[in-house]
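*Asks:* Next come a sequence and a model predicted from it.
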Amino acid sequence: MVVASVDNLADERSKAQFDVGAMKIVWAGSKHVFDVTDRMARIVASDPEFRKDNRTTLGRKELFKNTLRKMAHVVKRANELRLTEEEASKLRFFVDEPGYLDLHWGMFVPAIKGQGTEEQQEKWLPLASRMEIIGCYAQTELGHGSNVQGLETTATFDPKTDEFIIHSPSLTSYKWWPGGLGKVSTHVVVYARLVSGGQEHGIYGFIVQLRSLDDHTPLPGIIIGDIGTKFGSGAYNTMDNGFVCFNRVRIPRNHMLMRFCQVTREGNVCLSDVPKQMVYGTMVYVRQTIVSDASWALSRAVCIAVRYSAIRRQFGSQDRGIETQVLDYKTQQSRLFPLLASAYAFRFVGEWLKWLYADVTERLQANDFSTLPEAHACTAGLKSLTTSVTADAIEECRKLCGGHGYLCSSGLPELFAVYVPACTYEGDNVVLLLQVARFLVKTVSRLAAGKKPVGTTTYMGNAEHLMQCKSSASSPEDWLKPSVVLEAFEARAFRLAVACARDISKFSTPEAGFAELSIDLVEAAIAHCEVIVVSRFIEKVQQDIPGDGVKEQLQILCFIYALHLIHKHSGEFLSTGCITPEQATLANEQLRTLYGQVRPNAVSLVDAFNYTDHYLGSALGRYDGNVYATLYAQALRDPLNDTVVPDGYEEFIRPVLKQTMRLSRL
Ligand SMILES: CCCCCCCCCCCCCCC/C=C/C(=O)SCCNC(=O)CCNC(=O)[C@H](O)C(C)(C)COP(=O)(O)OP(=O)(O)OC[C@H]1O[C@@H](n2cnc3c(N)ncnc32)[C@H](O)[C@@H]1OP(=O)(O)O
Ligand SMILES: Cc1cc2nc3c(=O)[nH]c(=O)nc-3n(C[C@H](O)[C@H](O)[C@H](O)COP(=O)(O)OP(=O)(O)OC[C@H]3O[C@@H](n4cnc5c(N)ncnc54)[C@H](O)[C@@H]3O)c2cc1C
């Protein structure tokens, strides 16, 4: 049964004021990426092995086995179709289910590439690429995650046998959380305290075999398992996040990843001439990929909420005529359109961050470490900002879909549950913002010594102006001038950072000041990260962008992104004196106008994400808009509707009814 709601989306699409096909290419990044992405998404969507609509009804064991089957099918299809690395990774992406492959390709392989010597790479990478071994990344312990220097696992060199002894000295030292560890991985990169000659030498990675390659049983000295069911139905429970305890497990000396620190046959520890933070390189790499992923998750939630808001009608007609689409309510627009704009903003900043990461990697290979602190600050800060906004946005999209958003068939509860740990893994978001703040305070204090800031902090070089400037906005239209917007953002971020640096200097030690002022420092860090996102978006829309009306739509979204942040953080913009209350009102006025401009294009702007119905996994977000019939069909498929009279009637309902009858007779 197709109901009238379907026509709503056709109507919406006919209103678009831009070339949707051209916008699809902009969103994908290039025609080539669009073609690959589109082809892989369709392959997954048309393969029944990748069905996922039953996920929330499966118990943990069935769910996990189901994921194992899908992961094996990914590997099989990638081989059969002779997919390139790029294609295989897209194929895996659209399967849309956390699984051990992510940790194998996303962390184990990068850790060996980044921290292994050439010899070690030659040995391990072919095994890993052919998947003759499956690996994961074990850093976090039961007692310590954020504080990497606090890890307890030891790797003690034994010169008698030329081996390291990997040991978990306490319950709190058990590795705890690594994905793929609990049930699947045969190997792991373990982070442990290097001990040689009775002395500690810091944290390094060691490759340890966990399970037999013949029958998958744990090797001697290894106690291993899954850490238990996690938040949400389906969601991240497809992954075997695990624990492991090492009881004096011996590994050959050359299983220590020795690119940055070598232990000789005699047990001498030779540090190469690189910053010790290079050992954290895998985290920097993954944080950068997480920023790109944020725009996918956010755009997916927004796509569902925009399409459903165009279909859903409430009020507006007293005589049972046609009611108002909820997308027409200004309040709905003010909650939804900034999220739509954020999805585009994060897509562009994610692309830029990829470039930054490639640039720093090239420099590191040439022994130029000068941009490492900035790369760390950018990846940490943007990971934190984009994942926090995205997690909150998915929940907001659920609310924007009213009651139906709370149904698993909307796709939003599972999306939230699977996404929200991104705020924690690869670094708790607050801990990461404090790293950015540390970098900012250093940058500010170096200004006084005449050091010119570079990269994303270049704007701080304009110190005198940023400390004194007053916004020139005197009409709503002035808020459409990139220079006016950027100046406000830069001045707010700089003034917050300077205030922090100044206040810290009043304490007896910088550490004491940093601890006491950490709330302000986090705010300064967010303000700086927002400068990065806003300025990258502005840069993007100033480029030549092909396609009728595409650039105009992106400009509208760019200003929505910036002005909604001015509204959200108006307290900071006002208290730092960057704008006046009147200018804040003008910015809001402009924002309302922009919402009106985006309204006729909203459905087409989410169509530009080019998501298949399979990937969206949502009755509310379907491309054809056939929402109500799909909700009804999915309700009928719920296991509770397998029988008309429920299991348990005889034991538990009938006796209660009988008892009630007896009582009423009394
Ligand atoms: C078929 C194909 C499929 C492919 C699919 C691919 C998908 C890929 C996606 C993967 C999916 C992801 C799944 C999730 C998996 C999750 C994994 C994890 O969570 S792994 C564990 C992550 N753990 C953390 O992130 C811990 C966070 N903690 C830290 O990073 C550090 O402890 C700290 C930075 C908070 C503090 O470190 P510490 O050494 O104590 O530092 P200080 O604060 O004293 O700083 C000293 C100095 O170092 C600088 N620094 C810190 N970190 C770095 C860094 N990473 N790089 C460069 N520099 C760094 C810091 O700024 C200080 O500098 P200074 O100049 O002294 O101020
Ligand atoms: C789904 C998932 C997958 C994961 N996968 C892996 C994996 O594959 N491999 C792996 O090694 N690890 C993995 N982890 C672990 C993850 O990296 C850690 O949980 C993460 O780094 C946070 O550390 P924590 O748990 O110790 O949090 P804690 O540091 O204990 O955080 C608790 C609270 O304390 C606050 N806090 C901590 N330190 C400070 C500070 N200095 N200042 C202010 N506030 C502070 C935090 O903000 C937070 O609110 C995974 C975690 C999850 C949830």
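*Replies:* Looks like it came in fine. Ligands and ions are numbered 1, 2, ... in the order given.

*Asks:* quick one: low-confidence parts of the chain?
*Replies:* Along the chain, segments meeting pLDDT under 70 span 1-6, 660-666.

*Asks:* Could you tell me which residues of it lie near ligand 2?
*Replies:* Residues of the chain that fall close to ligand 2, judged by CB under 6 Å from any ligand atom: 103, 137-140, 144-146, 177-179, 236, 241, 421, 424-425, 427-428, 430-431, 434. C-betas here are computed from N, CA, C, even on glycine.

*Asks:* Tell me which of these fall in strands.
*Replies:* Under the assignment DSSP state E, the residues of the chain next to ligand 2 contribute 137-138 to strands.

*Asks:* Of the residues of the chain next to ligand 2, grab the buried ones for ChimeraX.
*Replies:* Per 16 or more other CB atoms under 10 Å, the buried members of these correspond to this ChimeraX selection:
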select :103,137,138,139,140,144,145,177,178,179,236,241,421,425,427,434
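
*Asks:* Distance of residue 179 relative to residue 109?
*Replies:* 14 Å (CB to CB, to the nearest Å).

*Asks:* ugh, typo on my part, it should be residue 628
*Replies:* 46 Å.

*Asks:* what's the answer for residue 510, then?
*Replies:* Relative to residue 109, and taking CB to CB, residue 510 is found at 39 Å.

*Asks:* more crowded one of those two?
*Replies:* residue 109 (20 against 15; other CB atoms under 10 Å).

*Asks:* Quick check: which element contains that one?
*Replies:* Per DSSP states H and E: residue 109 is located in helix 109-115.

*Asks:* list the helices and strands that helix packs on?
*Replies:* helix 118-129, strand 135-138, strand 199-209, helix 281-311 (3 or more CB pairs under 8 Å, 6 or more residues apart in numbering; DSSP states H and E).

*Asks:* Pick the most deeply packed of these.
*Replies:* strand 135-138 (a mean of 30; mean count of other CB atoms under 10 Å).

*Asks:* Who are the packing partners of that one?
*Replies:* helix 100-103, helix 109-115, strand 187-196.

*Asks:* For ligand 1, find the nearest of the ones you listed.
*Replies:* helix 100-103 (4.4 Å; CB to the nearest ligand atom).

*Asks:* quick one: contacts of that closest one?
*Replies:* Helix 100-103 is contacted from outside by 71, 74-75, 92, 134-137, 178-180, 184-185, 239-240, using CB atoms under 8 Å, 6 or more residues apart in numbering.

*Asks:* Can you name the residue of this structure nearest ligand 1?
*Replies:* For the chain, CB to the nearest ligand atom, closest residue to ligand 1: residue 106, 2.8 Å.

*Asks:* quick one, what contacts that residue?
*Replies:* 286, 289.

*Asks:* three-state assignment of it?
*Replies:* helix (DSSP: H, G, I helix; E, B strand; the rest coil).

*Asks:* what about it, distance to residue 287?
*Replies:* Residue 106 is 12 Å from residue 287, by CB to CB.

*Asks:* now do residue 365
*Replies:* Counting by CB to CB, the gap from residue 365 to residue 287 is 20 Å.

*Asks:* okay, now residue 486: neighbour count?
*Replies:* 16.

*Asks:* Is it within a helix or a strand, and which one?
*Replies:* Going by DSSP H and E, residue 486 is in helix 482-504.

*Asks:* Show me what that helix packs onto, helices and strands only.
*Replies:* Using 3+ CB pairs under 8 Å, 6+ apart: helix 482-504 touches helix 429-448, helix 463-468, helix 510-516, helix 518-541, helix 550-568, helix 570-575.

*Asks:* Turn these into JSON lines, including distance to ligand 1.
*Replies:* Below are the helices and strands packed on helix 482-504 laid out as JSON lines (distance: least, CB to the nearest ligand atom, whole Å):
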{"stretch": "helix 429-448", "distance to ligand 1": "5"}
{"stretch": "helix 463-468", "distance to ligand 1": "21"}
{"stretch": "helix 510-516", "distance to ligand 1": "10"}
{"stretch": "helix 518-541", "distance to ligand 1": "12"}
{"stretch": "helix 550-568", "distance to ligand 1": "25"}
{"stretch": "helix 570-575", "distance to ligand 1": "24"}
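
*Asks:* Reformat the ones you listed as JSON lines; add distance to residue 297.
*Replies:* Output for those, formatted as JSON lines (distance: least, CB to CB, whole Å):
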{"stretch": "helix 429-448", "distance to residue 297": "15"}
{"stretch": "helix 463-468", "distance to residue 297": "34"}
{"stretch": "helix 510-516", "distance to residue 297": "32"}
{"stretch": "helix 518-541", "distance to residue 297": "16"}
{"stretch": "helix 550-568", "distance to residue 297": "17"}
{"stretch": "helix 570-575", "distance to residue 297": "27"}
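
*Asks:* what does the stretch 301-450 of the chain put close to ligand 1?
*Replies:* 372-373, 376, 425-427, 431, 435, 438.

*Asks:* if you set the cut-off to 8 Å instead, what comes out?
*Replies:* 372-373, 375-377, 379-380, 421-422, 424-428, 431-432, 434-435, 438-439, 442 (CB under 8 Å from any ligand atom).
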